[in-house]
Structure formats: C-alpha cells, structure tokens
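In: based on what follows, work out the 3D shape:
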Amino acid sequence: MLLSGKTTEGAIAAVANLLSSVCHMQLVKDANERLEKSATALQDEQ
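Out: Presented below is the predicted three-dimensional model:
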C-alpha cells in the first residue's frame, strides 16, 4: 500500500504500533495469569 501511494508512512506506523500494543497486552495478561496460578499453588503448599 505504501508503494502504491494509497497510504502514508504515518498510517502504517500507527497500525504497527496498535498491533504491537495488542500483542503486548496479551503477553502481559498471560504472564499475570501464570503468576496468579503460581502464587495460589505456593499459598496452598504453606
């Protein structure tokens, strides 16, 4: 799209940033869930 002139570099950068943020938030959510499971398991052992 950039080569054809139908979009700007800024628009591509904005979309890339948005996709990056979505992926980052998913990773944070997954890590938080694993941490909660570990904390629960540790608490159950005590």
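In: now the strand or helix carrying L19: how far from the chain's centre is it?
Out: Under the assignment given by DSSP states H and E, the secondary-structure element containing L19 is helix 9-45. Shown here is helix 9-45, whose average C-alpha point lies 5 Å from the average C-alpha point of the whole chain (CA atoms, centre = their mean, to the nearest Å).
In: quick one: residues contacting G5.
Out: Applying CB atoms under 8 Å, 6 or more residues apart in numbering, one finds that G5 lies in contact with no residue. C-beta: built from backbone N, CA, C; applies to glycine.
In: tell me the secondary structure for it?
Out: For G5, the assignment made with DSSP: H, G, I helix; E, B strand; the rest coil gives coil.
In: phi, psi for it please.
Out: Per-residue torsions, G5: phi 80, psi 10 (degrees, to the nearest 10).
In: what distance do you get for it to R34?
Out: Plainly put, G5 is 45 Å away from R34 if you go by CB to CB, to the nearest Å.
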